[in-house]
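Colleague: here is my input, please return the structure:
(one chain, ligands or ions: 1)
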Amino acid sequence: MLRKADFCASNALMNRMLSRFALIFSTMLPVAAIAQDAPAEAPKWSIAIHGGAGTMDRSKMTDQQQADYKAALQAALDAGSSVLRGGGTAMAAVEAAIVIMEDDPKFNAGRGAVFTWDGKNELDAAVMDGRTRAAGAVTGVTTVRHPILLADAVMKDGRHVFLSGAGAEEFAQEHGLQMEPPEWFATPARKESLDRLKAEQLTAYDVDHKYGTVGAVALDQQGHVAAGTSTGGLTGKRWGRIGDSPIIGAGTYADDRACAVSATGAGEYFIKVGVAHEICARIRLLGDAPQVAADAVMQEVADLGGDGGVIVVTPSGEAVFSFNTQGMYRGRADSSGTSEVAIFN
Ligand code: GLY
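Modeller: Model prediction:
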């Protein structure tokens, strides 16, 4: 069954109706009453982040673990918020938030990424700018400290959208990105997961209980949206497997006419559904409210047997979450003073 985040999003249609209602009645009310009853202004900037979705069982996480995850999410959220508050671009905010999570071994991205079947850490990432629909993506990189910044460099270079493996590494070196030896990304906890997956013939989900991909979506004060996603993929992935995260339209998408989306979950299903583009298309073409669009598309993922979640931000500043797992590491903040992180459903 589809479960929604406990953050309830306002919906665009309702906001428009409320605005009209306020406009009509403002001519009839004394000033003090208007000030009290007028609907809140649409946020000038807005950001949502995720750090993966899965079976987050409250009883299996210590208070300290919960506090550590929340602090990590808050640090990423604060970094993105600070960019937006200062008038920076949505893209810069998305990257500021993701860079922090890539460096944090608690998340399956950058340092602390899961291991492939062959015992490597192969990283995927993508960014998309809703203003121009410029996009950049990389897959299978093993020595780039911040794959999200490499995706950004691909986007800015503009000749190609999607680079892989050795070519992507060469591009990173040519563009002066920070490189690290492959061992830098490896952590004992992730190696233990791979060993257990092999020894007990488990699936990636059985062994990790979650998809630890990280992502961010943002709206800036100029009214533009952007999305970014970064991941190590699935524990035990083989044969150069690529998930949804770096595939534009599957795990990552942004379009100023609709929304910005970043996904986390069983990538194969998100690719089949074209999740991120599908959500934007529903908002743009059907006029769906963002929560309705996100829930409908996540239901399609669930119907095919997949699980995970999405974060969505619209040009009017709504930030919504939808996931069909027990929990999703997530947070959102905006110019109206909202700043919150959560884990469980
Ligand atoms: N959602 C991340 C992956 O499947 O690789």
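Colleague: mean confidence score for the host helix or strand of residue 101?
Modeller: Here residue 101, judged by DSSP states H and E, is contained in helix 90-103. Computed over helix 90-103, the mean pLDDT rounds to 98.
Colleague: which positions within that helix qualify as buried?
Modeller: By neighbour count on 16 or more other Cβ atoms under 10 Å, the buried set for helix 90-103 is 90-102. Bear in mind the C-beta positions are built from the backbone N, C-alpha and C, glycine included.
Colleague: can you list the strands that whichever helix or strand comes after it pairs with?
Modeller: The first helix or strand that comes after helix 90-103 along the chain, using DSSP H and E, is strand 123-129. Here the strand partners of strand 123-129, with direction, are listed using DSSP bridges: strand 134-141 (antiparallel), strand 225-231 (antiparallel).
Colleague: closest one to the ligand among those?
Modeller: Nearest to the ligand among these is strand 225-231 (4.6 Å), distances taken as Cβ to the nearest ligand atom.
Colleague: in the chain, which spans are strands?
Modeller: Shown for the chain, the strands assigned by DSSP state E span residues 3-4, 46-54, 123-129, 134-141, 162-164, 210-211, 214-219, 225-231, 252-255, 259-265, 308-313, 319-323, 327-334, 339-344.
Colleague: anything in the fourth one sitting right up against the ligand?
Modeller: It stands for strand 134-141. No. Interface with the ligand: strand 134-141 contributes nothing (Cβ under 6 Å from any ligand atom), its closest point being 9.6 Å away.
Colleague: okay, now the unreliable bits of the chain?
Modeller: Judged against pLDDT under 70, the low-scoring parts of the chain cover residues 1-40, 205, 208-209.
Colleague: at 50 what do you get?
Modeller: The model of the chain has pLDDT under 50 over residues 1-38.
Colleague: what does it have sitting close to the ligand?
Modeller: By Cβ under 6 Å from any ligand atom, the part of the chain that sits against the ligand consists of 211, 213, 231, 233, 234, 243, 244, 245, 251, 264, 265, 267.
Colleague: buried among the residues you listed? Make that a ChimeraX selection.
Modeller: Selection command for ChimeraX covering only the buried members of those, criterion 16+ other Cβ under 10 Å:
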select :211,213,231,233,234,243,244,245,251,264,265,267
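Colleague: redo the residues of the chain next to the ligand as TSV? Include distance to residue 193.
Modeller: Below are the residues of the chain next to the ligand laid out as TSV (distance: Cβ to Cβ, whole Å):
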residue	distance to residue 193
211	13
213	15
231	15
233	13
234	10
243	16
244	20
245	19
251	21
264	17
265	18
267	17
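Colleague: and the closest residue in space to residue 123 that isn't next to it in sequence, what does it touch?
Modeller: In space, residue 123 comes closest to residue 147 once its chain neighbours are excluded; the distance is 4.5 Å by Cβ to Cβ, 6 or more residues apart in numbering. Under the criterion of Cβ atoms under 8 Å, 6 or more residues apart in numbering, the contact partners of residue 147 comprise 102, 109, 110, 123, 124, 125, 138, 141, 230.
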